[in-house]
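1. show me the folded form of this:
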Amino acid sequence: PSCLLCALHAAAASFSVGAKLGPKEQAYVAVTKQLNQAAAEGTPMDPISAYGAACEQYEDKTPDTLMSNCWKLLGDILSVARARGLNPGSDEYIDALLQGGRKHLENGFSNHMTGVISRHRSTAQRGADPDPLRDVQAYLAVKFRDKGTLDIQAPGGLDTTWTQVYYALRAGMTEVALKSAERAVDITQSRAGAGSIKQLLQHWLQDPDGFRRQNAPRMMQECERLLQGYSQKQNQLKQDYQVLIYSLLAGDSRSVDNLFKLSPGLFPTMEDYIWIKLSLVNTSRSAAAAAAAAFGGGGGSGGLYNLSGSYSPSSGGAVGAVYTLTSLQQELNRWGPKYYSKNGKEPLLFLTVLLLSLQFKRALQFMLKEEMFKSYRLDGIHLAIALHFSQVLECDTDDVAAGTPLDIDLAAQVAAFGRRYVTTDSVTALQYYMLAAALAGGGRQEQGRLFRELLVQSKDYGTLLGGGGAMGRGGAIAQFVPDPIKRQQLFESVAYDCQINQQPSEAIEMFMAAQKPRAALKIINQQLSAAIHAQQGVMTDRIQALLSRGQAAVEAIASGTPDPSSRRDADAFQQLQLICQMMELAGQRQWDRLLQVATKLSFLPTERARIDVCKLEVKQLDDSVRERISDVLETVAEAIMQLRASADNTMMSLLRGRVACLKVFVLDLDPSITPAVYERMSACVREFA
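-> Numbering: from 1, shown residues only. Below is the predicted model:
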């Protein structure tokens, strides 16, 4: 069996087959069908916003962190790349994803800032001034109310100029940051002829990588100077945020980490920490190469702020080391999922960290495998589908140093989810099976393998294949294989696979759908021959189904231009029909009618003159018919014996002639004639001697 199918069975335990669908699952399934339909029609559709809306409508609102928020985060991460028309193969794609993550955090902080001002109106003293700078200043008045009088409250108060610049950037208010920077003064930079802080900031905002290539060394030196002269007695608002601004400009993670040690309460939330780290990341190829050379793939440069308020020490790093996406991921991955998820109580917090650091495959790994995410398996499956439709999985952004980012088979997981619907809704099952095929590579082999699996399990040929065969309008599969020629090739490929895997019923249906009636008829003849022998005159549903499909195959052959081989198979089916009728009559003990039917078998002689001709014909019979000669002869002999007792002279003469003819016929007839048949014929001859 294929690796995909092995993995599929292993993954099936994650989902309960036949379970009643909840409203959230129904909504997810509806979106999946819409996505597949949109893909078939070439119509653009955003899978992330669609799944997110379905999730938000029906999710449990009790946890602190909601899955719908994670969908929104993912949408924001991709928003910049989509707006710029970038794809995973472009150089700017990863940088656009990081920008999207920062914008999400900036929007969240902006909303937080508004909420703080609203809850502390008397302290904020916002006023009616429409200038957005007043929002930043009002927020600072509340946040630093225990620091004493600020310069925004009274002349001579604590200088908050650098603080205003930082929090304006933190809220995504770049114009406000530039306006605040007009008042930021750094005598050292002015003497060095580096330009005003506003000019530096404006250059950085326009082209961060270009700015850092030109100015990073000088900015880093300034950070080092400020940290060496750091004093707990001086104005920390100015010191802290001046270092932060220069660190942002330089992309200097080491200075940020050293500042954490000096001012451990600087970042009260994980979002604050990740935002500044995302802002430090350099995504240029030269940066990645430099990091690889320095750290063997990009080492982390700093410590990690602990949500409980303590600080985890820095791991070190060279001065001026380039901070890459891999550096950030290694820094975050140093702490296990329990750390971020409050010991597993809030697993979606860890998911948020993985998404923000662009570890998409590792996020899927945890959602679909780890115990703490057990209640989010449904979301994990559809997150995988959304990332597939969004082409995000084509971009390898996960840190390989942390281990294989995805050591589960996503295709198998999606197919296992589809198995829930096999017996109740084959169309829905098909939606997920075909998505699994796409995740496995999208080739005809993957499609055929999973389509065969679905056919075998559901038996819903009419719905899946449709009427008119591959060249007709098609059934549910036509949505995924709209080209009739390719559909015919798929059907034929699946039919051969079914034949090889001892699935004759499915092979027959697929050959018929592929408009290969002769191939279907050959299987029908083999199956019908075996069924006739096994049932010994009992007309079962299986035999009736084979007779029906065989007749359809013969008619399909006749409607075309049959070749000699096709006619031979059609003749074999008609002979098997007669043999089946004989067996049924024997079961009903209608011996006279049985002999009448037997005369229609051209290979069975009724007079001595045809014995040699009939022997020659036996050698040319199809295997499926030749294998039943013993059954035919034994049944005919039984009919003759049964009719002898009540036969008149005329009938006795006819029976005696038939026996004499058969006696010569069976001699050296065929290796398939059993000793029991010879014995039966000998007994019959003795009765008429």
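2. buried set for stretch 654-672?
-> For stretch 654-672, burial by neighbour count (16 or more other C-beta atoms under 10 Å) applies to 655, 656, 658, 659, 661, 662, 665, 666, 669. C-beta: built from backbone N, CA, C; applies to glycine.
3. just confirm the last one is within a helix.
-> In other words, residue 669. No. Secondary structure of residue 669 (DSSP: H, G, I helix; E, B strand; the rest coil): coil, not part of a helix.
4. residues touching it, list them.
-> Listed by C-beta atoms under 8 Å, 6 or more residues apart in numbering, the contact partners of residue 669 are 615, 618, 629.
5. swap in 10 Å and give it another go.
-> Residues counted as contacts of residue 669 (C-beta atoms under 10 Å, 6 or more residues apart in numbering) are 611, 614, 615, 618, 619, 629, 630, 633, 662, 677, 678.
6. farthest-apart pair in those, please.
-> 619 and 678 (18.7 Å; C-beta to C-beta).
7. re earlier: quick one: buried ones out of the contacts of residue 669?
-> 611, 614, 615, 618, 629, 630, 633, 662, 677.
8. surely the fifth one touches residue 615?
-> It stands for residue 629. No. Between residue 629 and residue 615 there is no contact under C-beta atoms under 10 Å: 11.1 Å.
9. now the common contact residues for these two.
-> 603, 666, 669, 670.
10. pick out the most distant pair among those residues.
-> The most widely separated members of the shared contacts of residue 629 and residue 615, counting by C-beta to C-beta, are 603 and 666 (12.4 Å).
11. ok, back up a step: which of the contacts of residue 669 lies closest to residue 684?
-> For the contacts of residue 669, the nearest to residue 684 is residue 662 (7.7 Å; C-beta to C-beta).
12. which SSE is that closest one in?
-> helix 649-666 (DSSP states H and E).
13. other SSEs contacting that helix?
-> In terms of contacts (3 or more C-beta pairs under 10 Å, 6 or more residues apart in numbering; DSSP states H and E), helix 649-666 is packed against helix 591-598, helix 611-619, helix 629-644, helix 675-687.
14. count the neighbours of residue 601 for me.
-> 20 (other C-beta atoms under 10 Å).
15. now residue 580. Nearest residue, chain neighbours left out?
-> residue 532 (5.3 Å; C-beta to C-beta, 6 or more residues apart in numbering).
16. what's near enough to touch the one you found?
-> So residue 532 contacts 538, 543, 546, 576-577, 579-580, 582-584, 624, 627-628, 631-632 (C-beta under 10 Å, 6+ apart).
17. run the last query once more with 6 Å
-> 579, 580, 583 (C-beta atoms under 6 Å, 6 or more residues apart in numbering).
18. go ahead and confirm the last one touches residue 539.
-> No. Applying C-beta atoms under 6 Å as the test, residue 583 and residue 539 come out as separate, 8.7 Å apart.
19. the two: which is more packed in?
-> Comparing residue 583 with residue 539 by other C-beta under 10 Å, the one with more neighbours is residue 583, at 23 against 15.
20. show the pLDDT at the more buried one.
-> We have a pLDDT of 95 for residue 583.
21. which of the three states applies to residue 91?
-> coil.
22. so, low pLDDT: which residues of the stretch 201-350 of the chain?
-> 233, 285-321 (pLDDT under 70).
23. do the same with the stretch 551-689 of the chain
-> Nowhere does the stretch 551-689 of the chain drop to pLDDT under 70.
24. one more: the stretch 51-200 of the chain?
-> Using pLDDT under 70, the stretch 51-200 of the chain drops low at 63-64, 187-195.
25. can you pull out the helices in it?
-> Assigned by DSSP state H, counting those that start in this stretch, the helices in the stretch 51-200 of the chain fall at 67-83, 93-119, 121-124, 133-143, 161-170, 174-181, 187-191, 197-206.
26. would a markdown table of the ones you listed with mean neighbour count and distance to residue 382 be doable?
-> Compiled in a markdown table, the helices of the stretch 51-200 of the chain are given as follows (neighbours: other C-beta atoms under 10 Å; distance: least, C-beta to C-beta, whole Å):
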| stretch | mean neighbour count | distance to residue 382 |
| --- | --- | --- |
| helix 67-83 | 21 | 9 |
| helix 93-119 | 19 | 20 |
| helix 121-124 | 13 | 42 |
| helix 133-143 | 22 | 37 |
| helix 161-170 | 25 | 32 |
| helix 174-181 | 20 | 35 |
| helix 187-191 | 12 | 51 |
| helix 197-206 | 18 | 37 |
